[in-house]
Every structure is written in C-alpha cells, then in structure tokens.
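Trainee: Provided below for reference: sequence and predicted model.
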Amino acid sequence: MSIMGNLYGFLGYYNHSRAKFEKAVDMYKKAEKLGIYKPNYLLSYGVLMLREGNFEKAKELFSTVLTDLPAKEEHRTMAKMNISLAYWKLGDIDVAVEMLEEVHRKHRSGRVYGTLGYLLIHSGDLERALEYNLEGLEYDEDDPVILDNLGQIYYRMGQVDKAKDFFERAEEEKDDQAVTLYYLGLIYSLEGDKERAREKLNKALTCNITPLSAITLEDIEEALGNLD
C-alpha cells in the first residue's frame, strides 16, 4: 500500500468535504498515481467525477471498490448506488436499475427509494415508477426527492394538479432543488401566473445544477424566454 497515496487521498477528501472541489480533484489524481486503497477516498473521488460528468472515470473508480478492495458492506452499497448513476448516464439504464433493485432488496432507505424512483422515471415505465415512488412515500412521506419524483411522474402523465401538489410539498421540504422549481415555474405559467412562474425559474437558475440533474440551465432559460 502507498502511504503517500492515502495521504493525498485524505487531502482530497478533506478539500472535498469543504467544497473545494478543484483542489480535491487535484489531490485525488495525485493519490491515484501513487496508489490509493481506502474505499471512502475512492468513493468520494468517484462522486466528484459524477459531478463533473466524467462518467467513465466514475464507473472505473466505483468498480475498483466493488471488485479490487476488501471493502465494508456500507462502502459496497454506496459504490453500487453511485455506479448505477454512471451506467445510466453511459446509456445502460437497465443495468443501473438492476443494480439499484439489488441494493433495495438488502438496504431500504430514503436515498435508495429516491434514486431508483428517479431512474425508473427515465426508464420510461411511468406506471412502475409511480408504484415504486408511492411505496417510497409510505417509507418517508417528507423526502423531497421522492416528492419531486412523484411530481415529475404526474406531470408526464398530464395530471398537472397532482404534480403541482407534490412539487409544492417537495419545495416545502427543500427549497433549492432546481428541478422542483423548474416544474413549478412551468405549472404556474400554464395557470397564467407569469410573475410567480418567473420567480421560481429565476430561483432555479441559482441552484446547483450538475450533469446528473434532470434539467439543464438551457431548459430553465428557455422556459423564462417563453414567458416573454
């Protein structure tokens, strides 16, 4: 094992935890060259790669935790959850869903329900997505991701009133989810409340939007343009 590799891994982890992402990536890259063997450092490095949209690299890092290291079960679970997002973004959504279903069978949590529920929406099977997210709502009725998932499902199904209710509940729980604010902006616009729609969309522009987000800055800007 490389002592220096793990030292740089720690420095990456330290900077990552303080939102110094550029510095963290630099430290993680140095750690990787020297040899990094602590699963939590590799997992954090992988999360940053997801954040940057480098999905192949993220997949590689999470795979290392799953196949090459004697990782604890909690680390393996985190690796499976995160690698599923990489598979999704690389076009293998069926694999992503299967991996999360495996995690769900062993470790139910709000995060599992939220993530798998989100991917089921993007798989195109809205009926299955609805059933699973309603199950998630029974598990945690206040989880903002599950509430947002249900809003997206009902919106896609054309049930705008139901969608609005879930998006408003999601906003009450977490008021900085860009996708929630974006859809609320669309719904208020449909209702003719342009002022309120503009308020939500402008706020969505200030949120953290990553390559994993369901919407882009361009989507929000286009919606704002449509108001005019």
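Mentor: Yep, it's here. Numbers count the residues shown, from 1 in each chain.

Trainee: for the closest residue to residue 147 other than its chain neighbours, helix, strand, or coil?
Mentor: Ranked by CB to CB, 6 or more residues apart in numbering and with sequence neighbours excluded, the top spatial neighbour of residue 147 is residue 170, at 3.8 Å. From N, CA and C alone the C-beta is placed, and that goes for glycine too. Classification of residue 170 by DSSP: H, G, I helix; E, B strand; the rest coil places it in helix.

Trainee: who's in contact with residue 57?
Mentor: Contacts here follow CB atoms under 8 Å, 6 or more residues apart in numbering; on that basis residue 57 touches 46, 49.

Trainee: run the last query once more with 6 Å
Mentor: residue 49 (CB atoms under 6 Å, 6 or more residues apart in numbering).

Trainee: same question, residue 164
Mentor: Here residue 164 is in contact with residue 187 (CB under 6 Å, 6+ apart).

Trainee: Now name the helix or strand holding it.
Mentor: Residue 164 is part of helix 160-173 when elements are defined by DSSP states H and E.

Trainee: gap between that helix and the chain center?
Mentor: Computed by CA atoms, centre = their mean, to the nearest Å, the separation of helix 160-173 from the middle of its chain amounts to 19 Å.

Trainee: Buried ones in the longest helix belonging to the chain, by neighbour count?
Mentor: In the chain, taking DSSP state H as the definition, the longest helix is helix 73-89. Neighbour counts over helix 73-89 (16 or more other CB atoms under 10 Å) mark 75-89 as buried.

Trainee: cool, and stretch 28-48?
Mentor: For stretch 28-48, the neighbour count (16+ other CB under 10 Å) marks 28, 30-32, 36-48 as buried.

Trainee: now swap in stretch 109-120 and tell me
Mentor: 109, 111, 112, 113, 114, 115, 116, 117, 118, 119, 120.

Trainee: Likewise for stretch 47-67?
Mentor: The neighbour-count check on stretch 47-67 (16+ other CB under 10 Å) flags 47-51, 54-55, 57-62, 64-65 as buried.

Trainee: okay, now the residue nearest to residue 147: neighbour count?
Mentor: Counted with other CB atoms under 10 Å, the neighbours of residue 170 add up to 27.

Trainee: pLDDT at it, what is it?
Mentor: Here the pLDDT value assigned to residue 170 is 98.
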